Each structure stands twice: as C-alpha cells, then as structure tokens.
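Trainee: quick one: sequence and predicted model below, then my questions.
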Amino acid sequence: MSFWKSILGKVRGSSFRFHGKSEKEFHAFVAFLQKEGILDDEDARRIVEKGQAFATRRDSVLMLCREVLSMGIASEGEVLSAVNRYFGIEAEALDERIYKLHHHGAGSLRAKVAKLRTRAVQLRVPIKLKLTVAFVLLISVTLMIVSFFVLQRQQEALYQETVKTGKVSLAYFTSNAKVPLLDDNILELNAIVKEAKSVEGLLYAFIVGSDGKIRAHSDIQKIGSEFKPFEGMEGGTKKEGEIEYFTYRTASNIPVLNLSRAITFGEKRLGEAHVGISIEFIRQQIHRERMFILFLGLVITLFGIAFAVFFGFTFSRPLEKLVAATRQIARGNVGFHVAMKRKDELGTLADSFNHMSDELKMKSLLQETFGRYVSPEILKLILEDPEKQWLKGIRSEATILFTDIRGFTAYSESTEPEKIVEDLNEYFSIATRCILEYGGYVDKFIGDAVLGVFGVPAVVTDHGERAVRACVEMQARLREGAAKERALLGRVGIGINSGVVVAGNLGSQVKMEYSIIGDSVNLASRLNHLAGPGEIIVSRSVYEQVREIVRAEALPPQKIKGKSREVEAYRVIGLTESKEEEKK
C-alpha cells in the first residue's frame, strides 16, 4: 500500500510540470490555455486530436505550444506569457531551456509564491456565484438595516404604550381609591387593584396608606405589610407631572419600571398608588419580532439564491457566446457574428456586437483600399462590391474640375502663416462641401488647388451638369466668404472639362491612392489657368452637356500647351433658372 501511495504522490507532484511524462500534464495545460482565452473549445479539440502523438512525451507541453503557434491561434509572446504565469518562471523563449529553468526554479520559495499568486488571480468565479453572493449580501444588509431601525422604533413605541397604560392605571387608582382610603375600606381598594392584573405587561399594582402600610396589592399576601423602599434602583428617580418613576431590578434580576402617584383629597395626602411595568416583557416582544424577521429573511434568502442561480444561467450562457465571439475578433476574424435571438438587453448587446463586427470589417477594408478621401456614396459602393473592377483601373467618362487661387504666392509673402492656414482651411472646406453635395469626390489637394471628379467611381450620366452646378454654388459661397474679411476666397478660378479618364489605384505596395489620369485631366488643369478670380471656364464638351441650363459666353479659341489645335472654351456667367433645382 505504501508503495502505491509513493507512486501516486510522485505522479501528483509532477503532473503540472514541464518535465513530467504523464498525459495528464498535456491536458491540464490545454485547459489552462482555455481559461486564458488563448484556445476556444474548437481549438482545444483540434489541439488534443493533433497532440495524441506526443501527449506522453517528456516535452509534450513544449510541443503543444509549438502546435498552437503553427496553427496561427496565438502569437509566441502570448503563449510564452501564459507559460510563465502558469509555472511561475521567467523564460524568455519557447525552447529546451524552459525545462532547466522550471526544474531549478520550481522548488524555490519565490517560484512557489509566484505560482500560488498566479493561480489565485486566475481563479475563475462564475457569474452564478457572484450573483448569489450579491443577493445574499443585499438581503442580509437590507434586513439588518430594516430590523435595526424598525425594531428600535417598535421597542420605543411599545415602551411608550406600556408607560401610557401604567399612567392610565395610576390615574384610575388615584381617582377611585380616595373614598375607600378615607373609609379604610380594604375590600373595595383590593377590588380596584385586582383589575390591574388583566393588563399585559403590568407586574404588580398596590396602594399604600398614609401610615406606610400596604392597603391593597395585586399579591394578596402583601396586604397589610409595611411598604419598604425599592432596592437596586438605576439612574435615580424622575418626575413627570404628578407621576414619579424609576427603574430597578428585582431579586431575580428582572428590570422593572415603577411608577407612583400620590392620592390626595383636597390638600390632605391619603397615600400613594404604585404600578410596576416589566421591561423584560418589552424585550421579549422585540425578541419575538426579531426572530420573525430573521426567519422571513432566511426564506427570502433561499428564494434569492434560487433566483440568482437561475438568473446566472440565463446570463452566463449568452455571455459565453459573446466571449467566444470576441476571441474570434481578437484573432483577426472580423465580420464574425454571434447567433443570439433575445428580446432583452443581451439581445441588444448581441446585435450591437454584430454591428461592431460589421463596422470592423468595413474599416479594415477601407484601410486597405480608400482610406479617408472619398465621399459617403463612394464608400457605399466599395462596401457593396469591394472586388469591383474600378479599383484596378478602368476607362470611364467623367468630368474633372480644378480650382486654384489667383495671386496666392504674393498673398503668402505678405500674410502671416496663421492667417494663410485659416483662409486655406475655409476655402478647402467650401470646395469640399460643394463637390460632395453634388455627388462628386475630392481626388486630392495640390498646394492651393483642388482636384474634383464627377462620374467615377460612382457612375452618373449627368456628371457634367453636376460639376457645373457644384462650381456655381462654390463661387457663390466663396463670394460670401470674401465679403466677411476673407479676400482670398474671392480669388479662386475654376476650370472644368469632360472626357475619358483612367480611374483606379495608383502607387506602390507601400503607398497607394485612388486617382484619375488622362488627357482630359490635363486639359481641365490648363482651362483652370485661363480662369480669372471668381470665374468658371468650361470646355466645349462640358458646354454641350449644360448649354440648356447655363448662361455662358464663348472665349476666343485658346492655344493650350500640349494641344496641336486651339481649344474652344466658355466662361460660365450663371444658371438660366431663377432658382436652382434641387441638388441631386
């Protein structure tokens, strides 16, 4: 028997160490990784299946860690940190040196303390237990507070009621005992006192004559005896009107409140009446009430524990699903949804989690594609079809506009940098809002110039009209800004051209941007140079699209750099409508 105990002790001593050979250490560490959140149930199942081949080896845990890394479940830092916390060591790498470090350090006091501390911190307290403890504490504290205040008030009320009863009895005795005392009618006096026995809480009642002898007493054996002052008085005698009272203890250590009142006829003192009230009776009544409250509290506590356990199960299961879902998100599986249909806050939480997952997926996709430089309409297109061909570069019909500030260099030389930045930000803000409001997007800012595009990647047939309307609106807002001591805003010229462009991602693997290129873009830039402050110059291709809605004047044919033929251009004066149509 001692032999097997020795073997069992060795197995228990080594079952949670790296250098142990039992399969138990392998499964114990898998369970630990699950508690740490590194493995979920599915991961643990796959690890156990793959680990059957090496579960009994000396280095089974090290092989397990390498398998976790090879499957991409966690990083090396996460696994190594878990190893160090569980075994109370300070390894710097997942290699054979861990065995030596653990072998030499595991027996040290520092290692043992670290291991105990780690396991104490890692102790998992179920929500069912937390709710149970919370309910018990809440009920206990509530009962203590309620019982304290309620019983205190009840005790005081009962005491006052008993005293009131004693006072009424004294008043009755003094009122009805005058004539019997004058006549020395002992029978009638005892008949009066006898009625006091029926009052709950009254221990005694007696009447003392002027000669100091007891004429009537609730205890008939004391009738006719000499009245002796009470012994064991506590706190002295107090007086309230004609009534004197004090507290004393009987020979059996029972606290009693004695009340007395003189019996007079005219100015003659005939004697005095006494009643004794049991304070112990009051305490017994309060004790019964306290026991009832404790019993009621015990019943409520039992119901509370049952409710807490049920409530804990109701909460813990959906929360476990949410925890598993967050682990999936943490591993990079954005877009993971948790399946939960509940019509309560947990259902709302699940819906919010799924929405968050969708948003993370959206943001991840946008970080890899467009960033922050396109309009909401274009972002919607990306999310609806992220693999669309237009991301890879396609030919499209589009309208391009360039805006530029005339005399900006001279303005910069004579203006403080802070003022320049403030004016430029206002200018860029107006230009961006107008372009986006009419369905275009801002391709880029080039110094003090803005490149806007209509028709790609969101395909629209009226891209020319949208661009012109946006520019007319832009110049109107810039003029308003120029009238408010921002003269720079009134110096913006705009050139617009329509034609074929190639739109798509341009750049390298390190830095890319969505942009457009083509001869049509170059011509829009050249037309922009022809525009004076506050002017809009459009090409013939644009004019043909908007001639029905604009008032424009033809410019002399222009010689444009890079063009073998002269280019026809028009200066837009305004829209033909008295009031602009609704923005599309």
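Mentor: In hand now; what should we look at?

Trainee: show me where this structure has strands.
Mentor: Assigned by DSSP state E, the chain shows strands spanning 202-209, 214-217, 233-240, 243-249, 255-265, 268-278, 394-405, 441-446, 449-454, 492-507, 512-517, 536-539, 550-554, 569-575.

Trainee: need the contact partners of the second one.
Mentor: For strand 214-217, the external contacting residues (CB atoms under 8 Å, 6 or more residues apart in numbering) are 177, 181, 184, 186, 189-190, 192-193, 204-209, 222-227, 271. For glycine as for every other residue, the C-beta is placed from the backbone atoms N, C-alpha and C.

Trainee: one more pass at 6 Å, please.
Mentor: Strand 214-217 has contacts (CB atoms under 6 Å, 6 or more residues apart in numbering) with L189, N190, V193, F206, I207, V208, G209, K222, I223, S225, F227.

Trainee: likewise for the third one?
Mentor: Around strand 233-240, the neighbours that count as contacts under CB under 6 Å, 6+ apart are E244, Y245, F246, T247, Y248.

Trainee: got the angle for that strand vs strand 243-249?
Mentor: 170 degrees (axes from the mean of the first three to the mean of the last three CA atoms, to 10 degrees).

Trainee: tilt between strand 233-240 and strand 255-265?
Mentor: 40 degrees.

Trainee: which residue of this structure lies farthest from its centroid?
Mentor: Residue distances from the centre of the chain (CA atoms, centre = their mean) peak at D183, which lies 86.2 Å from the mean C-alpha position.

Trainee: returning to that earlier point: of all the strands of the chain, which lies closest to L33?
Mentor: Among the strands of the chain, strand 512-517 comes nearest to L33, with 39.0 Å by CB to CB.

Trainee: ok, that closest one: who's next to it in the sheet?
Mentor: The pairing partners recorded for strand 512-517 under DSSP bridges are strand 492-507 (antiparallel).

Trainee: next, the buried residues of the strand it pairs with.
Mentor: V492, G493, I494, G495, I496, N497, S498, G499, V501, V502, A503, G504 (16 or more other CB atoms under 10 Å).

Trainee: need the residues that contact it.
Mentor: Contacts for strand 492-507 (CB under 6 Å, 6+ apart): 391-393, 395-396, 398-406, 456, 464, 467, 471, 478, 512-518, 520, 523-524, 527-528, 531-532, 535-539, 541-542.

Trainee: same thing with stretch 336-349?
Mentor: The contact list for stretch 336-349 (CB under 6 Å, 6+ apart) reads P318, K321, L322, A325, Q328, I329, A350, F353, N354, S357.

Trainee: let's go with 8 Å and repeat that
Mentor: 315, 318-319, 321-322, 324-325, 328-329, 350, 353-354, 357.

Trainee: most neighbours out of the residues you listed, which is it?
Mentor: A325 (22 neighbours; other CB atoms under 10 Å).

Trainee: could you chop this structure up by domain?
Mentor: 13-121, 148-284, 376-575 (automatic domain parsing).

Trainee: what's the most buried one of those?
Mentor: Compared across the domains of the chain, domain 376-575 shows the largest average neighbour count, a mean of 18 (mean count of other CB atoms under 10 Å).

Trainee: so for M362, which of the domains of the chain sits nearest?
Mentor: Comparing those by CB to CB, domain 376-575 comes nearest, at 5.9 Å.

Trainee: measure the residue nearest to A82 when sequence neighbours are not counted to V83 for me?
Mentor: In this structure, A82 finds its nearest non-sequential neighbour in E36, 5.1 Å apart by CB to CB, 6 or more residues apart in numbering. Distance of E36 to V83, given as CB to CB, to the nearest Å: 10 Å.

Trainee: circling back: which of the contacts of stretch 336-349 fall within helices?
Mentor: Among those, the members found in helices (DSSP state H) are 315, 318-319, 321-322, 324-325, 328-329, 350, 353-354, 357.

Trainee: export the residues you listed to TSV and append columns for distance to G235 and pLDDT.
Mentor: Putting the ones in helices among the contacts of stretch 336-349 into TSV (distance: CB to CB, whole Å; pLDDT from 0 to 100) gives the following:
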residue	distance to G235	pLDDT
F315	57	70
P318	64	76
L319	61	73
K321	68	76
L322	65	77
A324	70	77
A325	71	78
Q328	75	76
I329	73	75
A350	68	79
F353	69	78
N354	73	81
S357	75	81
